[in-house]
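S.K.: Got a predicted structure here, sequence first:
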2 protein chains.
Amino acid sequence: MKRELRQFQAFLRSRGLKLTRTRALIFKKIFSHPSVHPNAYELRDRLRRSGHHISLATIYRTLNLLVKSGLVSSIDLGENHSHFEPGRPRTAHGHLICLACGRVLEFSHPDIQETIDAIGQKRGFRLDKFSLQVFGFCEKCR
Amino acid sequence: MKRELRQFQAFLRSRGLKLTRTRALIFKKIFSHPSVHPNAYELRDRLRRSGHHISLATIYRTLNLLVKSGLVSSIDLGENHSHFEPGRPRTAHGHLICLACGRVLEFSHPDIQETIDAIGQKRGFRLDKFSLQVFGFCEKCR
DNA sequence: TTTAATGCAAACATTTTGCACCCTG
DNA sequence: CAGGGTGCAAAATGTTTGCATTAAA
């Protein structure tokens, strides 16, 4: 996480921006709970419970920077808002989402990255990232 | 398409709802141009150009019914609104999206469905549908 | 001490909903 | 003709932005 924070700082510096205390707090909240996938509101509430009152505007602004930097990715879990997780989006993993209870499980499988790379090559696409969501019903709910 | 329209009618009937002229028009607009992936506004404009003035409210209400019926799926192309395409979401295909020009190419690959089925089995999920978006730069834009 | 960051409230974009009237079965 | 469908406008979400104030480098 120290390393990623330095990368974020480098990204900001390269654009003439600053690594503030507030930005570092948001960064750490995301990176210290990688499996949480919070949305902007949840992130604000988690920060608030830690004693940090940060406005939604700032949270959104910081999230946008983090996504642009490539250190955080935005994921669509089938709701009408975005969730966020640490990690570069190229990382070959997806999410299993339970349509009943909303539980989210991560998975990764080497074949998927391979297949996608092959498809990109065949169609002449230079790939940047991908997003794979699988919806269904988990053990408890089905 | 005739068959799917009958399926939609059956779905509506099973819920005490009606297949109206307006609903059929929306249905046909989606199914007669399967590769268009319109969003709600585009759909309204396309219908308008065909001489049919249908409100956005009705378009959204009908799209929700179509998605619930399983005959249409909602896709996230990385913008802040949904796009729609005919077809049950289980169909093993994804979208290649160019981050520069916005072009969308469909692809399908038997391995992907297979891998996903295996993952669902291992994690005890009964799978319903999946959504796979790959972002990158197309031949012309890279 | 200059320039960017923050909070607040207002603006925006997308989608949903309440209600009066219309149409389908 | 009863009950659902539609359009309109208003409301509800989620996200962005303008501006005055605060803080980082």
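M.R.: Done, it's in.
S.K.: C-alpha from now on. contacts and neighbour counts both.
M.R.: OK.
S.K.: and the gap between A:Cys98 and DNA strand C?
M.R.: For A:Cys98, the distance to DNA strand C equals 19 Å [Cα to the nearest atom of the strand, to the nearest Å].
S.K.: Tally up the residues packed near the spatially closest residue to that residue that is not a sequence neighbour, please.
M.R.: Using Cα to Cα, 6 or more residues apart in numbering or on different chains and skipping residues adjacent in sequence, the residue nearest A:Cys98 is A:Phe137, 4.7 Å away. A:Phe137 has 22 neighbours, counted by other Cα atoms under 10 Å in any protein chain shown.
S.K.: Hmm, B:Leu127 and A:Phe137 touching each other?
M.R.: Yes: with contact defined as Cα atoms under 8 Å, A:Phe137 counts as touching B:Leu127 (6.5 Å).
S.K.: Let me see the domain layout of chain A.
M.R.: A:2-86, A:93-136 (automatic domain parsing).
S.K.: Quickly compare the ones you listed and say which is most buried.
M.R.: domain A:93-136 (a mean of 18; mean count of other Cα atoms under 10 Å in any protein chain shown).
S.K.: list the contacts for A:Ala100?
M.R.: Counting by Cα atoms under 8 Å, 6 or more residues apart in numbering or on different chains, A:Ala100 makes contact with A:Phe137, A:Cys141.
S.K.: Skip the chain neighbours and tell me the closest residue to the closest residue to DNA strand D within chain A.
M.R.: Per Cα to the nearest atom of the strand, A:His81 is where chain A lies closest to DNA strand D, at 3.6 Å. Of all residues not flanking A:His81 in the chain, A:Asn39 sits nearest, at 7.2 Å (Cα to Cα, 6+ apart).
S.K.: That neighbour and A:Val72, how far apart?
M.R.: 12 Å (Cα to Cα, to the nearest Å).
S.K.: Then A:Glu42?
M.R.: Distance from A:Glu42 to A:Val72, by Cα to Cα: 16 Å.
S.K.: Secondary structure element holding A:Gln121?
M.R.: In the assignment (DSSP states H and E), A:Gln121 maps to helix A:110-123.
S.K.: tell me what that helix is packed against?
M.R.: With contacts taken as 3 or more Cα pairs under 8 Å, 6 or more residues apart in numbering or on different chains; DSSP states H and E, helix A:110-123 sits against strand A:126-137, helix B:110-123.
S.K.: Serialize these to JSON lines and add fields for mean pLDDT and distance to DNA strand C.
M.R.: Formatted as JSON lines, the helices and strands packed on helix A:110-123 follow (pLDDT from 0 to 100; distance: least, Cα to the nearest atom of the strand, whole Å):
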{"stretch": "strand A:126-137", "mean pLDDT": "90", "distance to DNA strand C": "18"}
{"stretch": "helix B:110-123", "mean pLDDT": "90", "distance to DNA strand C": "26"}
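S.K.: for those, which one sits closest to A:Leu25?
M.R.: Proximity to A:Leu25 (Cα to Cα) singles out strand A:126-137 among these, at 26.1 Å.
S.K.: other SSEs contacting the closest one?
M.R.: Right, strand A:126-137 is packed against strand A:93-98, helix A:110-123, strand B:126-137 by 3+ Cα pairs under 8 Å, 6+ apart.
S.K.: Export those to a markdown table and append columns for distance to DNA strand D.
M.R.: Converted to a markdown table, the helices and strands packed on strand A:126-137 look like this (distance: least, Cα to the nearest atom of the strand, whole Å):
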| stretch | distance to DNA strand D |
| --- | --- |
| strand A:93-98 | 17 |
| helix A:110-123 | 26 |
| strand B:126-137 | 17 |
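S.K.: can I assume A:Ser74 sits in a helix?
M.R.: No: with DSSP: H, G, I helix; E, B strand; the rest coil as the criterion, A:Ser74 is strand rather than part of a helix.
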